[in-house]
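In: prediction below, plus the sequence it came from.
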Amino acid sequence: MEVHEEERLCGKWRFSCGLYSYSWRDVFTWRLLKTILMGQVLSLLICGTAVSCECLVKAGVETPMLQSFFNYALLLLVYTTTLCTRKGDRNILQILRTKWWKYLLMAVADVEANYAVVKAYQFTTLTSIQLLDCFVIPVLMVLSWFLLKTRYRLVHFVAVAVCLLGVGAMVGADIVAERHQGSRNDVVLGDGLVLLSAVLYAVSNVGQEHTVKNLSRVEFLGMMGLFGTLISGIQLAALETRAVAAIKWNLPIAVLFAVYALCMYALYSFMPVVVKVTSATAVNLSLLTADLFSLFCGLYFFDYTFSTLYIVSFLVITVGFVMFNAAPTYSALPQSGSGEGDDDDDHGGVGPAEVSADLRMSAGGDAPGAETPRAAL
């Protein structure tokens with residue numbers, strides 16, 4: 001009798017911690033490989049924005065809001081226009097009548113997060129930014145816990161710690177390579193801007209996860225394009241009129257602006273697809289490798305010094321990401337994707353049955369018979 005009681009208690013402990021008797025075949029599935037690859041595609045797109053932005057800064061162009069405006073304008077032209085052609089409850093007018101304030105809040109958070117993190121480079125060091133922007137992950141987990149009803153296990157917290165350890169190795173490589181030097185004017189202000197951007201990104205990402213899993217990817221991107229263009233346009237006119245007028249336009253400058261805008265547009269278009277089959281937290285863990293890709297590009301473009309710690313950091317972050325995705329989380333989100341059956345919301349080449357299975361794995365479907373009420377955002 002005592003033996004059965006011990007087995008029952010051990011089973012409960014393994015269940016709460018996410019420790020199962022998985023074989024390697026159970027862990028390293030096609031779904032996990034696909035998740036890793038999609039996450040690294042997002043990291044490469046962020047790398048493209050970082051490299052093009054740094055090239056613009058070296059060319060004397062510092063217009064973060066203008067760069068963001070081009071991205072939101074592209075979203076407006078593609079996705080907001082698509083919403084305008086819809087009929088019934090999915091039409092843009094009906095969406096604006098019922099949910100305009102939610103998308104306005106998400107757009108404000110997203111626009112200001114982009115602006116704050118770029119602005120922080122003027123006041124603090126690269127090392128501080130790399131460390132502090134990881135703050136988005138614990139904030140995301142807290143917001144997901146209360147707003148999306150996501151329930152994490154011990155293995156997920158350990159996985160996050162492993163990923164942050166990899167970030168520490170990357171920062172150590174920066175220090176060894178003496179890349180930690182930078183402006184130290186108003187460091188407290190710069191660090192505060194990074195922390196503010198992390199919180200705002202978390203708010204935007206949680207709203208994105210709720211929308212794409214319950215409603216529609218096109219609806220989310222269309223509303224972000226509409227309100228993002230409006231907000232960034234007003235802020236651009238208020239803050240960057242002189243900076244834009246001072247730009248000496250030529251072909252290289254135009255190409256850099258185009259690369260930045262297209263990478264951001266691709267990032268915004270593809271990220272909801274990845275969030276839909278995983279979670280906002282998992283996506284942000286995969287994005288920790290974006291700084292590494294930028295550093296590797298910097299070896300060629302900006303004469304950075306190579307360190308083996310960069311490779312170690314990449315491997316450690318990948319291990320943490322695998323750990324996080326190997327064990328499922330519970331969530332109050334619906335087990336299906338868009339409740340409205342959007343045919344135009346592609347799933348990145350994933351069939352409907354596979355998407356449904358992926359969502360159950362990441363959204364709490366591993367509890368048979370459990371009800372999953374729709375979370376209210």
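Out: That came through fine.
In: you'd agree residue 326 is up against residue 32?
Out: Yes - contact criterion Cβ atoms under 8 Å: residue 326 and residue 32 qualify, at 7.0 Å. All C-beta spots, glycine's among them, are computed from the backbone N, C-alpha and C.
In: and the helix or strand that contains residue 197, what other elements does it pack with?
Out: Take DSSP states H and E as the rule and residue 197 turns out to sit in helix 187-214. Contacts defined by 3 or more Cβ pairs under 8 Å, 6 or more residues apart in numbering; DSSP states H and E place helix 187-214 against helix 92-120, helix 126-132, helix 136-147, helix 217-239, helix 251-277, helix 280-286.
In: lowest-confidence stretch among these?
Out: Mean pLDDT values for these show the minimum at helix 126-132, a mean of 70.
In: contacts for that one next, please.
Out: Defining contact as Cβ atoms under 8 Å, 6 or more residues apart in numbering, one finds that helix 126-132 is touched by 117, 120-121, 167-168, 170-171, 174-175, 179-180, 182, 187, 190-191, 194-195, 198, 291.
In: in ChimeraX, how would I select just the buried ones from these?
Out: Buried residues among the contacts of helix 126-132 (16 or more other Cβ atoms under 10 Å), as a ChimeraX selection:
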select :117,120,121,167,168,170,171,174,179,182,190,191,194,195,198,291
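In: what about residue 301, how many neighbours?
Out: As a burial measure, residue 301 scores 12 neighbours (other Cβ atoms under 10 Å).
In: which element, helix or strand, includes the closest residue to it other than its chain neighbours?
Out: Using Cβ to Cβ, 6 or more residues apart in numbering and skipping residues adjacent in sequence, the residue nearest residue 301 is residue 51, 6.4 Å away. Residue 51 belongs to helix 30-58 when assigned by DSSP H and E.
In: ok, residue 303 next?
Out: Counting by DSSP H and E, residue 303 is found in no helix or strand.
In: angles on the backbone of it, please.
Out: For residue 303, the backbone dihedrals (degrees, to the nearest 10) come out as phi 60, psi 40.
In: any idea how many residues pack against it?
Out: Neighbours of residue 303 (other Cβ under 10 Å): 7.
In: that one and residue 171, how far apart?
Out: Counting by Cβ to Cβ, to the nearest Å, the separation of residue 303 from residue 171 is 20 Å.
In: again with residue 275
Out: According to Cβ to Cβ, residue 275 stands 27 Å off from residue 171.
In: what sits against the residue most central in space within the chain?
Out: Nearest to the geometric centre of the chain sits residue 284, at 4.5 Å (Cα atoms, centre = their mean). By Cβ under 8 Å, 6+ apart, the contact set of residue 284 is 136, 137, 140, 201, 205.
In: of the residues you listed, which is the most crowded?
Out: When neighbours are counted by other Cβ under 10 Å, residue 140 leads those with 28 neighbours.
In: excluding its backbone neighbours, what's nearest it?
Out: residue 202 (4.5 Å).
In: count of residues packed around the one you found?
Out: With other Cβ under 10 Å as criterion, residue 202 counts 25.
In: isn't it right up against residue 143?
Out: Yes - taking contacts as Cβ under 8 Å, residue 202 lies within contact range of residue 143: 5.6 Å.
In: any idea how far the residue nearest to residue 301 lies from residue 283?
Out: On the measure of Cβ to Cβ, residue 51 and residue 283 end up 21 Å apart.
In: residue 250 too?
Out: 36 Å.
In: so which of these two has more stuff around it?
Out: Between residue 250 and residue 283, counted using other Cβ under 10 Å, residue 283 has the larger neighbour count: 23 against 9.
In: need the helices and strands packed on helix 187-214 in a markdown table (columns: distance to residue 76).
Out: Compiled in a markdown table, the helices and strands packed on helix 187-214 are given as follows (distance: least, Cβ to Cβ, whole Å):
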| stretch | distance to residue 76 |
| --- | --- |
| helix 92-120 | 11 |
| helix 126-132 | 29 |
| helix 136-147 | 26 |
| helix 217-239 | 4 |
| helix 251-277 | 11 |
| helix 280-286 | 23 |
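In: so which of those is the most packed in?
Out: When you average the neighbours per residue for each of the helices and strands packed on helix 187-214 (mean count of other Cβ atoms under 10 Å), helix 280-286 leads with a mean of 26.
In: past that helix, which element shows up next along the chain?
Out: Helix 280-286 is succeeded, C-terminally, by helix 290-301 (DSSP H and E).
In: tell me how many other residues crowd residue 29.
Out: Counted with other Cβ under 10 Å, residue 29 comes out at 13.
In: report pLDDT for it.
Out: Reported pLDDT for residue 29: 75.
In: same check, this time on the one 4 residues further on
Out: What the model reports as pLDDT for residue 33 is 83.
In: that one and residue 132, how far apart?
Out: 31 Å.
In: what's the answer for residue 319, then?
Out: 23 Å.
In: next: residue 175.
Out: For residue 175, the distance to residue 132 - Cβ to Cβ - is 16 Å.
In: over to residue 213?
Out: For residue 213 relative to residue 132 (Cβ to Cβ), the value is 29 Å.
In: need phi/psi at the residue nearest to residue 176 when sequence neighbours are not counted.
Out: The spatial neighbour of residue 176 that comes closest, neighbours along the chain excluded (Cβ to Cβ, 6+ apart), is residue 307 at 5.4 Å. For residue 307, the backbone dihedrals (degrees, to the nearest 10) come out as phi -140, psi 140.
In: is residue 307 in contact with residue 173, as I believe?
Out: Yes - with contact defined as Cβ under 8 Å, residue 307 counts as touching residue 173 (4.1 Å).
In: more neighbours, these two?
Out: When residue 307 is set against residue 173 and neighbours are counted by other Cβ under 10 Å, the residue ahead is residue 173, at 22 against 19.
In: which residue comes closest to that one once chain neighbours are left out?
Out: residue 309 (3.5 Å).
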